[in-house]
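*Asks:* Kindly generate the corresponding structure for this input.
(one chain, ligands or ions: 2)
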Amino acid sequence: MRGRFLSLEGGEGVGKSTQVKRLAAALEARGLNVVVTREPGGTEGAEGVRGLLMQGDVARWSAHAETLLFAAARADHVEKLIRPAVEAGSWVLCDRYVGSTRAYQGAQDIDDAAILALHGFGSKGLLPDRTLVLDLPEGEGHARSIDRDGGAADRFGARGPDFHRAVAAQFRRIAAAEPDRVRLVDATGAVEAVTAALIDALADLLP
Ligand SMILES: Nc1ncnc2c1ncn2[C@@H]1O[C@H](COP(=O)(O)OP(=O)(O)OP(=O)(O)O)[C@@H](O)[C@H]1O
Ligand SMILES: Cc1cn([C@H]2C[C@H](O)[C@@H](COP(=O)(O)O)O2)c(=O)[nH]c1=O
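*Replies:* Ligands and ions are numbered 1, 2, ... in the order given. Next up is the predicted model:
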């Protein structure tokens, strides 16, 4: 039987990595076989592209070049890991996916239709069965990231508050436009409360 494909999305420091692990444990406790992965990355080739994307100066890549690199990494990830695992019956939990391209590159004026067309070409348009977008009030994710990293930032984290506000707005726009597939989840509570809210937002998919 086919498994399921779920993605966790949201801005910097909202708790995606924390919740992917907790959600995986909760699904495994229900007897499901779970594969945890992330973007950019997840396969050897895509992790190589991650290095190119995350390191260096903010201006190292234009928004257009960045969009192509994310799509190329995703095509490899989908072909070699995500699609085979779902077809083999696993539940794949992905920390970021094409929603992040729509939000982060969309926030740099890359057209949403162009991103989806590229996704159609590179990854045969594979979309998660459910995308869970963790949402925090402005500045809270950044504050959590500073606590976690002590101020060190990659090419995206280093951008200013206007950029991160635009990213959050894009995530909210996507969730409002696709309410059946994409759910906005309040990430302000304690980790246990956020996990419970995520499981709630998946209830109709669970066996
Ligand atoms: N519900 C929560 N309440 C308070 N702190 C939290 C909560 N969830 C996660 N954190 C903490 O916030 C920090 C960021 O969490 P995490 O690394 O999971 O976020 P992320 O969304 O994966 O970040 P990034 O986008 O930068 O990869 C970590 O130090 C984590 O322990
Ligand atoms: C998949 C994807 C990611 N990004 C950005 C978002 C983050 O700033 C980094 C990834 O860092 P993380 O610590 O692993 O969350 O990359 C993006 O701009 N576009 C994308 O498609």
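
*Asks:* Show me what from this protein comes close to ligand 1.
*Replies:* 10, 12-18, 144-145, 147-148, 190-191, 194 (CB under 6 Å from any ligand atom). Quick note: C-beta positions are derived from backbone N, CA and C, even for glycine.

*Asks:* can you narrow those to ones near ligand 2?
*Replies:* Contacts with ligand 2 within the residues of the chain next to ligand 1, as defined by CB under 6 Å from any ligand atom: residue 12.

*Asks:* Just the ones of the residues of the chain next to ligand 1 in helices?
*Replies:* 16, 17, 18, 144, 145, 147, 148, 191, 194 (DSSP state H).

*Asks:* Which two of the residues of the chain next to ligand 1 have the greatest separation?
*Replies:* Across the residues of the chain next to ligand 1, the longest distance by CB to CB is 19.8 Å; it joins 12 and 190.

*Asks:* picking up where we left off before, adding pLDDT and neighbour count as columns, could you present the ones in helices among the residues of the chain next to ligand 1 in JSON lines?
*Replies:* Output for these, formatted as JSON lines (pLDDT from 0 to 100; neighbours: other CB atoms under 10 Å):
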{"residue": "16", "pLDDT": "98", "neighbour count": "24"}
{"residue": "17", "pLDDT": "98", "neighbour count": "15"}
{"residue": "18", "pLDDT": "98", "neighbour count": "19"}
{"residue": "144", "pLDDT": "93", "neighbour count": "17"}
{"residue": "145", "pLDDT": "91", "neighbour count": "18"}
{"residue": "147", "pLDDT": "89", "neighbour count": "10"}
{"residue": "148", "pLDDT": "93", "neighbour count": "12"}
{"residue": "191", "pLDDT": "98", "neighbour count": "12"}
{"residue": "194", "pLDDT": "98", "neighbour count": "22"}
